[in-house]
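Colleague: Just a sequence and a predicted model for now, questions to come.
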Amino acid sequence: MSPRTLVIIPTYNEAENIGALIDALLRLSGQIDVLVVDDHSPDRTADVVRDRQARYPGRVHLLERPGKMGLGSAYVAGFRYALGRPEYAFIAQMDADFSHRPHYLARMLRRIRRGWADVVIGSRYVRGVNVIDWPMTRLLISYLASVFVRLVTGLPVRDTTAGFKVFRRRVLEALPLERVHSNGYVFQIEMTYRAWKAGFRIRELPIIFFDRRRGVSKMSGAIIWEAFFKVLELRLRSLLGRL
């Protein structure tokens, strides 16, 4: 049997997007399954996922949580779900809002299956700046955040806050998920940094990133400040051998 891939998608109020995204992902390959981790969305995102479960028996999975518990913990729950099922050799993560276009996932999977890397990142910044329709302020925050992370940590990645990734199973098996407590977008930095410090090969594949076409962004000032202090903490823990 060919190795299967599980795509993890955290959701909160993504009913407008999630059905079409699941359809697009499952059309890519019969070896792809989807796990939606929903934080009790008031717009009934979970009902849309259940509809897709009926359409695609055995290929769409749903974890429902009692409330809004954060991006990082949603991904960790998804990773644990995947690691509990040995059929998944590759675990992918992506946003629900079509900012990450499904056809790029097919390219990322081809590369990782050929041994190109242990972690493949769909990168906005590895070849210039490839972001469509973002306000200039948000673009600058995102780009400068990656510069800051590289300066502080030495992480050799251009898009350190990228949320579009594919992991080999062994990467997630090796990382101490019980120590990962970041709950905003700094979660993306932490996972990439930990994988790099553990000696895994990380490579970036250029993508064009599109602003969400429906729904509302979850970015906030609190998330930005969490990222700033968490990056400093990660570097300090690494220096002290307590990562």
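Modeller: Here it is on my side, so go on.

Colleague: make it CA atoms for all contacts and neighbour counts henceforth
Modeller: Fine.

Colleague: Could you report the neighbour count for Arg113?
Modeller: Using other Cα atoms under 10 Å, Arg113 has 14 other residues around it.

Colleague: same deal with Phe164?
Modeller: 23.

Colleague: And Arg50, by the same measure?
Modeller: Neighbours around Arg50, by other Cα under 10 Å: 15.

Colleague: Who are the contact partners of it?
Modeller: Leu62 (Cα atoms under 8 Å, 6 or more residues apart in numbering).

Colleague: for it, helix, strand, or coil?
Modeller: helix (DSSP: H, G, I helix; E, B strand; the rest coil).

Colleague: Apart from its chain neighbours, what residue comes closest to Ala46?
Modeller: Leaving aside its sequence neighbours, Ala46 sits nearest to Asp38 (Cα to Cα, 6 or more residues apart in numbering; 6.6 Å).

Colleague: quick one: the helices in the chain?
Modeller: For the chain, the helices defined by DSSP state H occupy 15-28, 45-55, 71-83, 102-113, 136-153, 169-174, 186-197, 221-239.

Colleague: Just list what the shortest one packs against, helices and strands only.
Modeller: Using 3 or more Cα pairs under 8 Å, 6 or more residues apart in numbering; DSSP states H and E as the contact criterion, the neighbours of helix 169-174 among helices and strands are helix 71-83, strand 88-93.

Colleague: cool, the fourth one as well?
Modeller: In this structure, helix 102-113 packs against helix 15-28, strand 119-123, strand 165-168, with contacts taken as 3+ Cα pairs under 8 Å, 6+ apart.

Colleague: could the ones you listed go into CSV alongside distance to Pro3?
Modeller: CSV is the format used below for these (distance: least, Cα to Cα, whole Å):
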stretch, distance to Pro3
helix 15-28, 15
strand 119-123, 16
strand 165-168, 11
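
Colleague: and among these, the most buried is which?
Modeller: Greatest average neighbour count among the helices and strands packed on helix 102-113 goes to strand 119-123 (a mean of 27), per mean count of other Cα atoms under 10 Å.

Colleague: picking up where we left off before, check the helices of the chain for me: which has the lowest mean pLDDT.
Modeller: Mean pLDDT is lowest for helix 221-239 out of the helices of the chain, coming in at a mean of 78.

Colleague: If we go by neighbour counts, what in that helix is buried?
Modeller: The neighbour-count check on helix 221-239 (16 or more other Cα atoms under 10 Å) flags 224, 226-227, 230-231, 234-235 as buried.
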